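Engineer: using only what follows, build the 3D model:
(chains A and B)
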Protein chains: 2
Amino acid sequence: MQQMTYPEPRLTIREIMHARSVAVIGASEDESKWGGRALAILRRHTVSSEVYPVNPKASELMGLPAYKSIADCPRPVDIAMVLVPQAMILDTLEQCAKAGVGCAIVITSGFAEVGGDGHEIEARMREIARSGGMRVIGPNCIGILNAYSNMLASTAVALVEIDRAPGGTIGFTSQSGALMGSMLARGFDVGAGFSSLISLGNQCDIDINETFEYLIEDPQTRTICLYVEALRGPATFRSLLARAREAGKPVLVCKSGRSEAGEKAIQSHTASMTGAYATFEAVCRAEGAFLFENVSDMLDAAMLLSHGARLIKPSIAVFSGSGGAGALLVDALSAQGFTIAELTESTKASLRRVLPESNLQSPIDFGTLKPMGDAHPLYEDPFEYALGETMADENVGAGIVLLTSQPTMHKVAYATQKVGRKTDKPLLYVHVAGSIGDSARQVMREQGYGFVESQNDALKVFDALWQQTRMPSGVTATPVTFELPRLAGGFLSEPDARRMLEAASIPTTPWVMLKEIEEVVEHVERQGGAWVIKAVSPTLIHKSDIGAVKLNIQDGHSARQACREIAQALGSAQHSLDGYLVTRMVKADAELILGIKRDPDFGPMVVIGAGGTLVELLHDVQMMPAPVHAVQALAMIEQLKCFPLLKGWRGSRPADLAALAELIVATSQLACQDEALEEMDINPLMLVDGQFMAADARAFRRS
Amino acid sequence: MQQMTYPEPRLTIREIMHARSVAVIGASEDESKWGGRALAILRRHTVSSEVYPVNPKASELMGLPAYKSIADCPRPVDIAMVLVPQAMILDTLEQCAKAGVGCAIVITSGFAEVGGDGHEIEARMREIARSGGMRVIGPNCIGILNAYSNMLASTAVALVEIDRAPGGTIGFTSQSGALMGSMLARGFDVGAGFSSLISLGNQCDIDINETFEYLIEDPQTRTICLYVEALRGPATFRSLLARAREAGKPVLVCKSGRSEAGEKAIQSHTASMTGAYATFEAVCRAEGAFLFENVSDMLDAAMLLSHGARLIKPSIAVFSGSGGAGALLVDALSAQGFTIAELTESTKASLRRVLPESNLQSPIDFGTLKPMGDAHPLYEDPFEYALGETMADENVGAGIVLLTSQPTMHKVAYATQKVGRKTDKPLLYVHVAGSIGDSARQVMREQGYGFVESQNDALKVFDALWQQTRMPSGVTATPVTFELPRLAGGFLSEPDARRMLEAASIPTTPWVMLKEIEEVVEHVERQGGAWVIKAVSPTLIHKSDIGAVKLNIQDGHSARQACREIAQALGSAQHSLDGYLVTRMVKADAELILGIKRDPDFGPMVVIGAGGTLVELLHDVQMMPAPVHAVQALAMIEQLKCFPLLKGWRGSRPADLAALAELIVATSQLACQDEALEEMDINPLMLVDGQFMAADARAFRRS
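Structural biologist: This is a model prediction of the structure:
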């Protein structure tokens, strides 16, 4: 097959997002039809672009001159919104390309996501576009909008109800149209301001990496939100995460496909195969992105971040108009692992001016506030004063103002956003007064500050912020090269695996490889103590399953017996036997697993987790892409659920955590250096007298 | 001190909740004052009672004749709302009592909750009331309302904004006024209908048990919600839980004080000492109550329950207008431990009429629905048809309809509530379209069906429903009496503790108590195998701490050595030594703890949890009040986080779960029979070859 040479696309993504003209192919007077709604939205919003309705049967639509075909529209047509039936798509795109359209936004759905010949049609769409220097967004999308320049080409239902999309600094690009609609709807409610919103649909041409890159470069965008189903260029995505971080733009990510049911759903949604969620998550964490379970939480967090707030310390101050609601909130925060901030004496002294002695700790019931007395140069009222002084306290990492309902709630809201904008700590307003408190909601909406209406949402938002803080990002591990032994492909024998680990400075339990039974007997007798004897076989992977591992061998007689049983077991199972690995039987204070797996999208990953009984019970695993920096390794360790076991559990010696972090780093370097190393598992990695050593290892190398 | 005899109160709680006259003491024209707001609310709502403003300086207020004092009001005055300053409270109550007021509702705050002489003033208030045959609600409350009979005497801010509190079947009584306000506000938003709402404040006279009992007896109330800070009569509370259950009225409970910070907050809020949250929770679960972290979730669940829905099977069907949002929801449900319902072939066959083959599993994207073809006798449109057929599927335990935004969302909402009312499974409508989707919210409000606006809330509501289902209630354990040995008070020696367990049919590891060292030596030599030797001392509680437990003794020599060391250790620590407990050293497949603790409020509790390393790491504990029925015991076992360890973990023999349940039951019977038994701990309870046995036990009996 001949390699095609395509012309340069006429427009960049940036030019598309600032289109000067938008044609609507399939425009109609009937707003119940997609083509009618698209046009009605363009008419309702005073958009910055020219608008060209295209309909072969009309000469005027919604007060605008209509054109019979795209070719009849005045040139140039930057964007053509395509809302024609599926069967007409290819012809329409041909006409668009011929007419010099810069970008076709295909709203029509029913292609790859429903199977059949959808994939081929999309390939053909891409081909038509590329040959004509045109770009395509979609199909199966709801279009794009640039709230800053008031350019829009979208069918989002929310745009029917409002006449101007709220402008601001949050950029969002989404593989789901409905979730973009939901973001827009919620954004309108809570006063979020957007730079651009881009729905990508099936990504037959323009994919999320391109729009992500646009948002990184877009000067109007300061906070980036992504809804991801599947990535086409994982490595590029990762490098974009890093670029955004370097540009100081927080990236918030929500990805579906964590569960089996979710993966299946995505396949039938935009016809994408998801990568593994766990590795995606690890990469995002390594690059400092924030992760969310749903787009509402993502937007709520984006608003806090867009005000410049960062959660550095998980210590929360709570202000509540209700003692009961405040008590429930601190209960829930505590259950989630947050601490309730204890104020410094100096802050308490300030608060005494307006609060009774009984109310100087969270939850601070602002129903008990007294008048200020003298005016204060910074604060307008006692609530603002108390909140401002509390947020400035060094012990406070973040604040929540919880409002049930009270007569002057709009004042509370106003003061909250005022203090919130001044502090660099997250201050979240939780409005549980419902529409009764519309005056307060209205304040927050007008001020563009944001709020949540559920305690559960507040907890999720703070949790996502804190998870991001816990994993250091923007650190680059210095590459190290080990002098590795020459290793064959396939599963390594345990002696080879141990030699590889030792070459990478990863200690293993003391061991010898012996060929003959009598050598084993002599070794055990001479050295004394307790030993483990294992078969060494090039063909046997799961040694324990056939009785090829013998524990707690303390004398020559038992050693001989053990070796004979091993030899017989391997003989019966038709495995060849190279000899016996004899290693010290050690008693561990804790057992971990440490390993490498190679992800098809993101390359080598390092995994550390609880071992022994806990491994399946706790599902206690931390993963990071290799290479791992020591500070990230330490953060992985601290985030293990079994971390308490390592800190000197029940009088045992505390583990040398820095040394453990170095083992994680070394494992990650090994993964980077030996590209043939597909998989490696140290299980268990034993904690003995504060130090770690590999007691068993399995590894597989590509041939 | 002489015992006072009080007259019968003039009014029952029921009569108070149906008051025919409400006086407002401290009434004002000024709505920014509490007395003005109280009167304005009474004027705005066409209440069923007479209204008497009381103000010494006015002859008319808000168009009503005003009275100089309560004595001047026409008799009888059923309720007097008291909104005068703190200093005037006692005088005012005296006047009320003298004037024959049935119930004074003291809105004024600043008594026990702020400390000082608040407690004494409240005691005086109670005394004035009782002597006069009057009742008091409050102080520090926002009053009461009966939405069914349109009687109200409340300052809730929400009542200023609406002119009729929505009537229905949900009754709520609350120790926090603001949370009652929040419930009312949210109820108004989502269309909840209330029977009565009662704010109790500091409960100086009427407490939550009385109002809870009223709600049980009130024919208009079918679902009961409680916000609890502290109970005055725990035993009564528990019996009320049982009465409500027997009356078929679901009880939903939200209690603050789970955390230390929450407990402190409550003390400074309504001046109550909370009981231990864990035992409160256990009692609620045993009696079939539903537990919530906040009142919003409680109200959302109350609406589902008030439609008759129960969550029997944790298998959820998801309908979503957005593939992306649906995928995120199934991800979140899966992470929470729910399964995604797999539809039966027969349901799939029905759905094929309106859905493509690729969309017959959750999340069902209702954007892909096709027209029905022929009309259906039951369903109006394809969405209602698909939802109705899905909810009828035997594999489906509950449903969620998730709406981002779409043009016809009010139709989706209407069909959802229609199907939801017909099924006895919970069908929750999650509206993430915000105010853009007001038409759909309006439908749900008018239909009184309810909805949530956050995925996080939906998960919390379903989780609370499922937790209730998991614990069988309304089962009565048959009392069993054991022939117990005579036991002294204080800490029991291990042999005594073992004898007690054995008398209660709880197996212990084989053991003998021997006086002399040489007896121990002979025993070990004669029997062979591995043994544990422990000191038996009347004064030594923590044996391991001073080296008085020796493990893995396999021969006479080691036995003698061990005994000598024990004797010496006890000597040095100045403990007397009664002899040696010699017990089999057993290897356990799993270790549990099983114990008794006596709660000052609710009496004896049985606790089972993970033992060994897991005990502190997992905080894996289930608690139930004694006596425990076998089906509850089994539910406790199944809800342990370490439950997988008991089911035949890694090839070990599965535990006999029925036998383990019997041990829990026996422990609970022991707790009931021996009332002096304050505390008992079997730690560890070992799983050996599928059976359990106590390997150590500690117990403390009151003298």
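Engineer: interface residues of the stretch 1-150 of chain A facing chain B?
Structural biologist: A:32, A:37, A:109, A:113, A:114, A:115 (Cβ under 8 Å from any Cβ of the partner chain). Quick note: C-beta positions are derived from backbone N, CA and C, even for glycine.
Engineer: tell me the one among the residues you listed nearest to residue B:545.
Structural biologist: residue A:113 (66.1 Å; Cβ to Cβ).
Engineer: quick check: the closest one touching residue A:203?
Structural biologist: No. Counting by Cβ atoms under 8 Å, residue A:113 stays clear of residue A:203, with 11.2 Å between them.
Engineer: neighbour count winner among these two?
Structural biologist: residue A:203 (28 against 25; other Cβ atoms under 10 Å in any protein chain shown).
Engineer: how is the more buried one assigned, secondary-structure-wise?
Structural biologist: With DSSP: H, G, I helix; E, B strand; the rest coil as the basis, residue A:203 sits in coil.
Engineer: neighbours of residue A:662, how many?
Structural biologist: Around residue A:662 there are 17 residues (other Cβ under 10 Å).
Engineer: which strands and helices sit next to the one helix or strand it maps to?
Structural biologist: Using DSSP states H and E, residue A:662 maps to helix A:657-673. Helix A:657-673 is packed against strand A:590-599, strand A:603-610, helix A:630-638, strand A:677-688, strand A:691-694, with contacts defined by 3 or more Cβ pairs under 8 Å, 6 or more residues apart in numbering or on different chains; DSSP states H and E.
Engineer: any residue of the next helix-or-strand element following the third one up close to chain B?
Structural biologist: To tie it back to what came earlier, the one meant is helix A:630-638. Using DSSP H and E, the helix or strand that follows helix A:630-638 in sequence is helix A:643-646. Yes. Counting by Cβ under 8 Å from any Cβ, chain B is contacted by helix A:643-646 at A:644, A:645.
Engineer: repeat for stretch A:354-374
Structural biologist: Yes. Counting by Cβ under 8 Å from any Cβ, contacts between stretch A:354-374 and chain B involve A:356, A:358, A:359, A:361, A:362, A:363, A:365, A:367, A:368.
Engineer: measure residue A:178 to residue A:206 for me?
Structural biologist: Applying Cβ to Cβ, to the nearest Å, the value for residue A:178 to residue A:206 is 19 Å.
Engineer: got the residues of the stretch 401-550 of chain A near chain B?
Structural biologist: A:404-407, A:432-437, A:453-457, A:459-460.
Engineer: returning to that earlier point: filter the residues of the stretch 1-150 of chain A next to chain B to the buried ones?
Structural biologist: A:37, A:109, A:113, A:114 (16 or more other Cβ atoms under 10 Å in any protein chain shown).
Engineer: returning to what we had before: just the residues of the stretch 1-150 of chain A next to chain B: which are in helices?
Structural biologist: When the residues of the stretch 1-150 of chain A next to chain B are checked against helices (DSSP state H), the matches are residue A:37.
Engineer: what's the closest of the residues of the stretch 1-150 of chain A next to chain B to residue B:7?
Structural biologist: residue A:32 (71.0 Å).
Engineer: pretty sure residue A:365 is touching residue A:327, no?
Structural biologist: No. Counting by Cβ under 8 Å, residue A:365 sits too far from residue A:327 to count as a contact (9.6 Å).
Engineer: the more surrounded of these two?
Structural biologist: residue A:327 (33 against 26).
Engineer: pLDDT score for the more buried one?
Structural biologist: In this model, residue A:327 is scored at 95, pLDDT.
Engineer: now it. Its backbone dihedrals?
Structural biologist: Backbone torsions of residue A:327, given as degrees, to the nearest 10, read phi -60, psi -40.
Engineer: for residue A:555, same thing?
Structural biologist: Given degrees, to the nearest 10, the pair of backbone angles that residue A:555 has is phi -150, psi 170.
Engineer: give the contact list for it.
Structural biologist: Residues near residue A:555 by Cβ atoms under 8 Å, 6 or more residues apart in numbering or on different chains: A:524, A:525.
Engineer: repeat that with 10 Å
Structural biologist: By Cβ atoms under 10 Å, 6 or more residues apart in numbering or on different chains, the contact list for residue A:555 reads A:521, A:524, A:525, A:528, A:530, A:531, A:561.
Engineer: possible to save the residues you listed as a markdown table with distance to residue A:291, pLDDT and neighbour count?
Structural biologist: Shown next, in a markdown table, are the contacts of residue A:555 (distance: Cβ to Cβ, whole Å; pLDDT from 0 to 100; neighbours: other Cβ atoms under 10 Å in any protein chain shown):
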| residue | distance to residue A:291 | pLDDT | neighbour count |
| --- | --- | --- | --- |
| A:521 | 56 | 96 | 21 |
| A:524 | 52 | 96 | 25 |
| A:525 | 57 | 95 | 12 |
| A:528 | 53 | 92 | 9 |
| A:530 | 46 | 94 | 14 |
| A:531 | 46 | 96 | 25 |
| A:561 | 54 | 96 | 16 |
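Engineer: which one of those residues is nearest chain B?
Structural biologist: Relative to chain B, the closest of the contacts of residue A:555 is residue A:530; by Cβ to the nearest Cβ it sits at 12.8 Å.
Engineer: if we can go back for a sec, more neighbours, residue A:178 and residue A:206?
Structural biologist: Neighbour count, other Cβ under 10 Å: between residue A:178 and residue A:206, residue A:178 has more, with 30 against 26.
Engineer: quick one: contacts for that one?
Structural biologist: A:142, A:156-157, A:199, A:269, A:295, B:320-326, B:365, B:367, B:402-406, B:432-433.
Engineer: helices - which of the residues you listed land there?
Structural biologist: Counting by DSSP H, these contribute A:269, A:295, B:323, B:324, B:325, B:326 to helices.
Engineer: for chain A, see how far away the third one is.
Structural biologist: According to Cβ to the nearest Cβ, to the nearest Å, residue B:323 stands 3 Å off from chain A.
Engineer: isn't that residue right up against residue B:363?
Structural biologist: Yes. Contact status for residue B:323 versus residue B:363: in contact at 7.1 Å, counting by Cβ atoms under 10 Å.
Engineer: give me the more crowded residue out of these two.
Structural biologist: residue B:363 (33 against 29).
Engineer: name the element residue A:35 belongs to?
Structural biologist: Here residue A:35 is assigned to helix A:34-44, by DSSP H and E.
Engineer: confirm that residue A:627 sits in a helix.
Structural biologist: No. If the criterion is three-state DSSP, then residue A:627 is coil and not within a helix.
Engineer: wait, isn't it in contact with residue A:665?
Structural biologist: Yes. With contact taken as Cβ under 10 Å, residue A:627 and residue A:665 are classed as touching, separated by 7.3 Å.
Engineer: tell me who's in contact with the closest residue to residue A:522 other than its chain neighbours.
Structural biologist: Spatial nearest neighbour of residue A:522, excluding adjacent residues (Cβ to Cβ, 6 or more residues apart in numbering or on different chains): residue A:556 at 7.5 Å. If you count contacts by Cβ under 10 Å, 6+ apart, residue A:556 has them with A:518, A:520, A:521, A:522, A:523, A:524, A:525, A:526.
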